[in-house]
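*Asks:* need a structure here:
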Amino acid sequence: MNTRSLRSIYQLKVTLKNIRPPIWRRFLISSTTNLGDMHLVLQIVMGWANVHLHEFVKENERYGEPDIEFPSDIHDETEFRLDQILKQEKEKLIYIYDFGDGWEHEVLLEKVLPFKHDAVLPTCIKGKRACPPEDVGGVGGYGMFLEAVSDPSHPEYAAMCEWADGGFDSEFFDLDAVNDLLHGYCRR
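*Replies:* Model (predicted):
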């Protein structure tokens, strides 16, 4: 008889779409995590500040925070687990953050691993490049921002560096800091 575990560990890779070179993170998470908690994990691993609206999209189904004042076809994200949405390796889910800037993330289920009771989940295992600053203006605004902060002779250099609290290193990613935040969040 073939039995399947009630939960697994998902190895996910999230990539910010339409940015080159890519900004991405790889992390491990319980397959039974609901999409509301997944949103918070994505905020931490990517480096966002959780100050804007978001939603998940799989095929034509939308998941997010329903608004009683503005009924829509969105499913309550807290009522759906990852393993109900992503069932097999190579399946993808879209995560949209900040409808104004329109940051689209591709969430790929890379591997389904056996669950280990001593695993510290979620845990980020790798990543590349810094998350764009909040409210930078989406993909186009981010490109202009990077152009300005990388050239001291650019007319917007001083203003953009000040806006970014003194500077911005697009190549910087601190795995330890991300995991400290993840593990602090999960202990609450």
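
*Asks:* Give the buried residues for stretch 143-154.
*Replies:* F145, A148, V149 (16 or more other Cβ atoms under 10 Å). C-beta coordinates here come from the backbone N, C-alpha and C atoms, glycine included.

*Asks:* actually stretch 53-67, not the one I typed
*Replies:* H54, E55, F56, K58, R62, Y63, G64.

*Asks:* what does that stretch rub up against?
*Replies:* 35-36, 38-39, 72-77, 80, 85-86, 93-99 (Cβ atoms under 8 Å, 6 or more residues apart in numbering).

*Asks:* after the lengthiest strand in the chain, next one along is what?
*Replies:* When the chain is parsed with DSSP state E, its longest strand is strand 103-114. For strand 103-114, the succeeding helix or strand toward the C-terminus, using DSSP states H and E, is strand 123-128.

*Asks:* from the chain's centre, how far out does the helix or strand just after that next one sit?
*Replies:* Sequence order places helix 138-149 as the next helix or strand after strand 123-128, per DSSP H and E. Mean-position distance between helix 138-149 and its chain equals 20 Å (Cα atoms, centre = their mean, to the nearest Å).

*Asks:* In terms of secondary structure, what does the helix or strand that helix 138-149 is followed by contact?
*Replies:* Scanning forward in sequence from helix 138-149 by DSSP H and E, the next helix or strand is helix 157-163. Helices and strands touching helix 157-163, as assessed by 3 or more Cβ pairs under 8 Å, 6 or more residues apart in numbering; DSSP states H and E, comprise helix 138-149.

*Asks:* For the helix it packs on, which outside residues touch it?
*Replies:* 18-19, 100-103, 132-133, 136-137, 154, 156-157, 159-161, 164, 167-168, 170.
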